[in-house]
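In: the following block contains a protein sequence and its predicted model.
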Amino acid sequence: MKTSRFAGISAVLLSGLCFLSVAQVKPEKTEPISVYAELERAPAKYRTKVNPLATDKDAVAAGKVLFDEHCAECHGENALGGKKAPSLRAQEVQSAPPGSLFWILTNGIVRKGMPVWSKLPEPQRWQLVTFIQSLGPAEATENKTPGKS
Amino acid sequence: MSTLRVSQLSRFLLGALLSFAASSFLRAQENPYIVAYDHNLEEPGNLEVEYFSTFGTQRGGPNFHAFWSEFEYGATAWWTTEVYLSGQTTFGDSTVFTGYRWENRVRPLKNEHWINPVLYVEFEDINGADKILKEVVGHDVESDFLRLNGEARREKKREAELKLILSSNYKGWNFTENTIAEKNLTNSPWEFGYALGASRPLTLKGAAQKCNFCLQHFIAGVEMYGGLGDRYHFGLHETSHYLAPGLVWNLPSGWTFKIEPTFGLNDNSHQFLLRWGVSYEIAGFGQKVSQLFKGKSE
């Protein structure tokens, strides 16, 4: 009785995990143009925000630590993009208003897989923005559109 | 058929082990709550494996140690699903498996707001010996735990639990309020409860160097939870309530440790509970398992 119950629970867990893992990587249909279009959707009050840590001497180094911990898994170690997320070295990102990047970090793009990072305190989100925009533009090494199969 | 099952199970276990070994670390950013939920969901594709433990004092009977494991998976950026397996040891009595829970949390709104709702749906298949106190609802009181395990485990509880989680982040603080409604799927009335929480990292700025003991990795907070009666007797009469200050340490290596001494606030509550937990977050777990089953790398 105990064995069959354990087997039943294991089977449910196994099938659920398999379903979810397959569902999770199923690419959503995304037009290439939409990858960076979210930046344009940042409200004006965010776009015009000044990065309070733009001149902070530790912001880039701290942002790099945070990037490695939270972002590199999807965006790649050099922010050049990965299988799950686009390059952050693209001109669209590098030339975006810092407030737009801050808005994306705060709100995520949850329907397209980008998590919400509001759990990081504001200063840490600004440190990330400072680090990302310190990298400068570069060609992506991975697919530029995460939705492209 | 059984050969196929064994083969699939072996592949799964092997894949899980390989994923675990080869996965990148990812620093979790957990709040110190053990009962209350905030609106932060698991990152998509990540699996968080957690172990929690509650030592509880019991008036009129032996103390107990309740424990549970959680497997929390970020199905999408707006949906987190989680399975719990729980058990308990009552000192001088026995150790028993008390059942499983399957919960789902969904974020209905796309953007961050002042107050962020999350909808929570859980199914529980547990027995009457369950003592993990993952939620306190209805007229749950300390004396419910006095029954011997052999007798208590014969009571089957198949319950549905709904929560409305309302959570806000403001200047580094998190404030959360959970309203709980639980129904035994047999003919029992709806029971209600609440959980409130507030927390803040010890410092808001990130350190310029990777470090384990930087203050940014520690988040302190407090939570309060308790029952609100049931459909027929709503209110605070014959309910229990708890106050729990807590601390969480989110290590850069992906490990998280929580500790929460908990104090009963009235005569219906356990006087003291010591709760702690440890978890590890496996980044990209879903993708690795998916690749394993597809038999190719993307």
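Out: Thanks, I have the structure now.
In: who does the residue positioned nearest the centre of chain A bridge with?
Out: By CA atoms, centre = their mean, the mean C-alpha position of chain A lies nearest to A:M114, the distance being 4.8 Å. Beta bridges link A:M114 to A:I109, judged by DSSP bridges.
In: what's the pLDDT at it?
Out: A:M114 is assigned 91 on the pLDDT scale.
In: tell me if I'm right that it and A:I104 touch.
Out: Yes - between A:M114 and A:I104 there is a contact under CB atoms under 8 Å: 7.2 Å. For every residue, glycine as well, the C-beta is placed using N, CA and C.
In: which neighbours do those two share?
Out: Here A:M114 and A:I104 share no contacting residue, scored by CB atoms under 8 Å, 6 or more residues apart in numbering or on different chains.
In: quick one: the strands in chain B?
Out: Assigned by DSSP state E, the strands in chain B fall at B:47-56, B:64-76, B:79-90, B:95-106, B:116-127, B:156-170, B:173-184, B:191-201, B:218-230, B:241-250, B:255-264, B:272-282.
In: how big is the angle separating the fifth one from strand B:95-106?
Out: Meaning strand B:116-127. Orientation of strand B:116-127 against strand B:95-106 (axes from the mean of the first three to the mean of the last three CA atoms, to 10 degrees) gives an angle of 150 degrees.
In: give me the buried positions along strand B:116-127.
Out: Buried positions in strand B:116-127, judged by neighbour count with 16 or more other CB atoms under 10 Å in any protein chain shown: B:N116, B:V118, B:Y120, B:E122, B:E124, B:D125, B:I126, B:N127.
In: tell me the contacts of the last one?
Out: By CB under 8 Å, 6+ apart, the contact set of B:N127 is B:V96, B:T98, B:G99, B:A152, B:R153, B:R154, B:E155, B:K156, B:K157.
In: how about B:F123?
Out: B:R101, B:W102, B:E103, B:R158, B:E159, B:A160, B:E161.
In: got it, and B:W190?
Out: B:A181, B:E182, B:K183, B:D230, B:R231.
In: same thing but 10 Å
Out: B:137-138, B:160, B:162, B:181-184, B:229-232, B:234 (CB atoms under 10 Å, 6 or more residues apart in numbering or on different chains).
In: and if you look at B:A181?
Out: So B:A181 contacts B:137-138, B:160-164, B:190-193, B:228, B:230-231 (CB under 10 Å, 6+ apart).
In: just give me the closest of those to chain A.
Out: B:A160 (16.9 Å; CB to the nearest CB).
In: gap between the nearest residue to the closest one once chain neighbours are set aside and B:D130?
Out: In space, and not counting its chain neighbours, B:A160 is closest to B:K183: 5.3 Å by CB to CB, 6 or more residues apart in numbering or on different chains. Taking CB to CB, to the nearest Å as the measure, B:K183 and B:D130 are separated by 16 Å.
In: the two: which is more packed in?
Out: B:D130 (24 against 18; other CB atoms under 10 Å in any protein chain shown).
In: now the strands of chain B as CSV including distance to A:G108 and mean pLDDT?
Out: Putting the strands of chain B into CSV (distance: least, CB to CB, whole Å; pLDDT from 0 to 100) gives the following:
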stretch, distance to A:G108, mean pLDDT
strand B:47-56, 18, 97
strand B:64-76, 11, 97
strand B:79-90, 13, 97
strand B:95-106, 15, 97
strand B:116-127, 11, 97
strand B:156-170, 13, 96
strand B:173-184, 16, 97
strand B:191-201, 20, 98
strand B:218-230, 20, 98
strand B:241-250, 19, 98
strand B:255-264, 21, 97
strand B:272-282, 17, 96
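In: the residue nearest to B:A160 and B:E191 touch, don't they?
Out: Yes - at 7.3 Å, B:K183 and B:E191 qualify as touching, with contact defined as CB atoms under 10 Å.
In: going through the contacts of B:W190, which ones are buried?
Out: B:V137, B:G138, B:A181, B:E182, B:K183, B:N184, B:G229, B:D230.
In: just the pLDDT at residue 11, thanks.
Out: Defaulting to chain A. On the pLDDT scale, A:A11 gets 63.
In: can you look at chain B instead?
Out: 54.
In: overlap in contacts of B:K183 and B:E191?
Out: Shared contacts of B:K183 and B:E191, counting by CB under 10 Å, 6+ apart, come down to B:V137, B:E159, B:E161, B:D230, B:R231.
In: got the residues you listed as TSV, with distance to chain A columns?
Out: Output for the shared contacts of B:K183 and B:E191, formatted as TSV (distance: CB to the nearest CB, whole Å):
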residue	distance to chain A
B:V137	24
B:E159	17
B:E161	18
B:D230	30
B:R231	31
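In: let me have these in TSV, extended by distance to A:S118.
Out: Output for these, formatted as TSV (distance: CB to CB, whole Å):
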residue	distance to A:S118
B:V137	29
B:E159	32
B:E161	26
B:D230	35
B:R231	36
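In: on that earlier part again, farthest pair within the contacts of B:F123?
Out: B:E103 and B:R158 (14.5 Å; CB to CB).
In: comparing these two, which residue is more hemmed in?
Out: For B:E103 versus B:R158, neighbours defined as other CB under 10 Å are more numerous around B:E103 (20 against 13).
In: which ones are touching that one?
Out: Contacts of B:E103 (CB under 10 Å, 6+ apart): B:37, B:70, B:72, B:80-84, B:120-124, B:134, B:161, B:163.
In: now do B:K110
Out: So B:K110 contacts A:N107, A:G108, A:I109, A:V110, A:R111, A:V116, B:A77, B:W78 (CB under 10 Å, 6+ apart).
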